[in-house]
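Student: Next comes the sequence, and after it the predicted model I'd like to discuss.
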Amino acid sequence: MAKSILDLAKECDNFPYFEDSPEHYTSLLSSYYTFKVNGCDAALGYIPQSVVEKFVWAESDWNVDPNSRTVTLMAAPDATPETRNEIMSRLLADAVRRDTFEVLKGWRHEMYPIYGPGGQYLLQMERSASPLFGIATYGVHMTGYVQDDQGLKLWVARRSKTKQTYPGMLDNTAAGGMSTGEHPYACAVREAAEEASVPNDVFAERASPVGVLTYFYVRDARAGGETGLLQPEIEYIYDIRLDATHAIKPCDSEVEDFRLWTVDEVKQSLKGGEWKPNCSMVIIDFLIRHGMITAESEPDYLEIVARMHRRLPFPTASFKAR
């Protein structure tokens, strides 16, 4: 059965909304623990109870409270991020030694930051562990396109069939996660070169920052590892307008190939559910911004746009140059 645009939006932003069903939302949330850091009142993530029960929490480092349903990293309130990092690293290293979680078999050797209120940097953790804690993560997505007398076409990537996550599905021209200390533009330049062979000077000349998407994703089997883990994400979006003579080609093993597709071909692939869920959101956003999905043509326009710009329940950071 063909998927509607709203189906695709709901597939990516699929953590429930309190307003839709307070009872369902409250019931679901009761199966998670809130991740916190000593000295910071904010919720930093949601951890499934099944995950809490599998970790071996050192009492000197962690407070696991089944009454308040919180897991708190117990470094001193004024501890440095480095001190908190050591505690987190010990916990994750122990889980790897015990082979506790399937998702940690995809260890990436990339560090993701965790921010408190006001964008205060609190600590970091290994990327593959971030869904275990349900923290907000940051990334960039880029859509390369050609627009000439023959119309508009998009550069679409096919993910490698051996990739750990969403193998063989369709993807944006380039995308990737932002590591600790990285800003959106620098990350976008790096990913464009690594994944799509776009030289830095071409990116600087032809790429435009066009917005940000936020959504709250509940992982399914396609993501690899345990299901039901939470993935709230912030994605900074770039468009890259290219000449028809500039062929996009793979630069690493993560992409099987690229194809230059018409808008109709892209829409058909969306209906067929061929896209990685968050990448479909980026493409839908592109089609909205280019006037190819409008309030007049799409009856669920308002809900679709709202689901692409969800207010997350965790602190987020600003990357404004200082």
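Tutor: That came through, no problem. A quick note: this is a predicted structure, and the numbers were derived from the prediction, not measured.
Student: Any figure for the gap between T70 and L44?
Tutor: To L44, T70 is 10 Å away according to C-beta to C-beta, to the nearest Å. For every residue, glycine as well, the C-beta is placed using N, CA and C.
Student: Closest to the centroid, which residue in the protein?
Tutor: When C-alpha atoms, centre = their mean is applied to the chain, the residue found nearest the centroid is E233 (4.1 Å).
Student: That residue - nearest residue in space that isn't next to it in sequence?
Tutor: Ranked by C-beta to C-beta, 6 or more residues apart in numbering and with sequence neighbours excluded, the top spatial neighbour of E233 is T137, at 5.5 Å.
Student: Name the nearest residue to K36, sequence neighbours excluded.
Tutor: T72 (4.5 Å).
Student: State the helix or strand in which that neighbour lies.
Tutor: Assigned by DSSP states H and E, T72 belongs to strand 70-73.
Student: Any idea how many residues pack against D201?
Tutor: Neighbours of D201 under the rule other C-beta atoms under 10 Å: 8.
Student: what's the answer for I5, then?
Tutor: So I5, with other C-beta under 10 Å, has 22 neighbours.
Student: if I look at it, how far off is V305?
Tutor: On the measure of C-beta to C-beta, I5 and V305 end up 10 Å apart.
Student: for the protein, which spans come out with low pLDDT?
Tutor: Along the chain, the model assigns pLDDT under 70 to residues 252, 321-322.
Student: Domain parsing of it, as residue ranges.
Tutor: 5-12+136-307, 31-133 (automatic domain parsing).
Student: what would those domains look like in JSON lines with distance to D20?
Tutor: Output for those, formatted as JSON lines (distance: least, C-beta to C-beta, whole Å):
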{"stretch": "domain 5-12+136-307", "distance to D20": "11"}
{"stretch": "domain 31-133", "distance to D20": "18"}
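Student: tell me the contacts of M142?
Tutor: Contacts for M142 (C-beta atoms under 8 Å, 6 or more residues apart in numbering) come out as 172-175, 188, 191-192, 196, 207, 237-240.
Student: Could you do L8 as well?
Tutor: When the contact criterion is C-beta under 8 Å, 6+ apart, the partners of L8 are L270, G273, W275, P277, S280, M281, I284.
Student: Which strand or helix spans it?
Tutor: Secondary structure assignment for L8, by DSSP H and E: helix 5-12.
Student: again, but for E205
Tutor: With DSSP H and E as criterion, E205 is part of helix 200-206.
Student: Can you name the next helix or strand after that helix?
Tutor: strand 207-218.
Student: From the chain's centroid, how far away is the longest helix along the chain?
Tutor: Under DSSP state H, the helix in the chain containing the largest number of residues is helix 81-97. Chain-centre distance of helix 81-97: 22 Å, with C-alpha atoms, centre = their mean, to the nearest Å.
Student: which secondary structure elements does that helix contact?
Tutor: In terms of contacts (3 or more C-beta pairs under 8 Å, 6 or more residues apart in numbering; DSSP states H and E), helix 81-97 is packed against strand 70-73, strand 121-126.
Student: Which strand residues bridge Y215?
Tutor: Listed by DSSP bridges, the beta-bridge partners for Y215 are E233.
Student: Now do the same contact list for it.
Tutor: Y215 makes contact with C12, D13, P232, E233, N278, M281, R307, M308, R310 under the criterion C-beta under 8 Å, 6+ apart.
Student: Let's see if you can find the most crowded of these.
Tutor: Going by other C-beta under 10 Å, M281 tops the contacts of Y215 with 28 neighbours.
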